[in-house]
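Novice: no FASTA, just this:
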């Protein structure tokens, strides 16, 4: 059963507007969440993370929001740029040396 | 440029071949990972090495055999693979620690095709 869910396989946004990517999780042991960006034929690259003790983390155009009670996080990109077109993976960790559990990804397409 | 280097970038092998995928990092990270990713699917964890010891093996078939010669190197030995094993194999590393793996640094992946 999927513990990290990204229910939108794709999202199309106009350049300059806000992109909002959503992620839900079911495992209440997860305490650290990350977003990765992936271009075709490349490995995922880290974008931004948030610990469960916070509800918001901001880095330039990227902001991640965490709602623990709803087990929901979102990534906001504003303003969206053509280079943001990629697949975005939400990932979660339950601590220890375990790897990350990934969602299926959302393909973000920025329209000129 | 990624700081996790994977070789080869592409590999085509028959079902009776024996080959290896290699991964190297020089960031001083003590945890290294193998993930498998098929098209339109999320990366799936295969193995975790923490301080050069295998700590997680997610019930991966024995035709995949990981090896961690030292803290900078991670190999994945392949033997008698099946066509359904064709995928992108991603290596990653992290600082590791009690609070979790933190950020994983991924290599560009090795695209494996099994004929």
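Specialist: Received the coordinates, thanks. Here the structure is a predicted model, which is why all the values come from computation and not from measurement.

Novice: when you work out contacts or count neighbours from here on, use the C-alpha atoms and nothing else.
Specialist: OK.

Novice: count the residues that sit near residue A:111.
Specialist: 14 (other C-alpha atoms under 10 Å in any protein chain shown).

Novice: sorry, that was for residue B:62
Specialist: So residue B:62, with other C-alpha under 10 Å, has 12 neighbours.

Novice: then residue A:61?
Specialist: Counted with other C-alpha under 10 Å, residue A:61 comes out at 12.

Novice: and it, what does it touch?
Specialist: By C-alpha atoms under 8 Å, 6 or more residues apart in numbering or on different chains, the contact set of residue A:61 is A:76-79.

Novice: buried members of the residues you listed into PyMOL, please.
Specialist: To isolate the buried members of the contacts of residue A:61 in PyMOL, using 16 or more other C-alpha atoms under 10 Å in any protein chain shown:
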select buried, chain A and resi 76+77+78
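
Novice: and the contacts of residue A:61, which two are the farthest apart?
Specialist: Greatest spacing in these, by C-alpha to C-alpha: A:76 and A:79 (9.1 Å).

Novice: is the closest residue to residue B:50 other than its chain neighbours bridged to anything, and to what?
Specialist: Counting by C-alpha to C-alpha, 6 or more residues apart in numbering or on different chains, residue B:50 lies nearest to residue B:31, which is 4.3 Å off, once chain neighbours are set aside. Going by DSSP bridges, residue B:31 is paired in beta bridges with residue B:50, residue B:94.

Novice: now residue B:31: how far from residue A:30?
Specialist: Between residue B:31 and residue A:30 the computed distance is 19 Å (C-alpha to C-alpha, to the nearest Å).

Novice: higher neighbour count, those two?
Specialist: Legend: neighbour count by other C-alpha under 10 Å for residue B:31 and residue A:30, higher for residue B:31 (26 against 22).

Novice: so how far is the strand or helix carrying residue B:46 off the chain centroid?
Specialist: Assigned by DSSP states H and E, residue B:46 belongs to strand B:44-50. Taking C-alpha atoms, centre = their mean, to the nearest Å, the mean C-alpha location of strand B:44-50 is offset from the chain mean by 7 Å.

Novice: ok, and what's touching that strand?
Specialist: By C-alpha under 8 Å, 6+ apart, the residues outside strand B:44-50 that reach it are A:97-102, B:30-37, B:54-60, B:66, B:68, B:96.

Novice: rerun at 7 Å
Specialist: Strand B:44-50 has contacts (C-alpha atoms under 7 Å, 6 or more residues apart in numbering or on different chains) with A:97-99, B:30-37, B:54-58, B:60.

Novice: from the chain's centroid, how far away is the very next helix or strand once past it?
Specialist: As assigned by DSSP H and E, the chain's next helix or strand after strand B:44-50 is strand B:53-57. Strand B:53-57 sits 12 Å away from the centroid of its parent chain (C-alpha atoms, centre = their mean).
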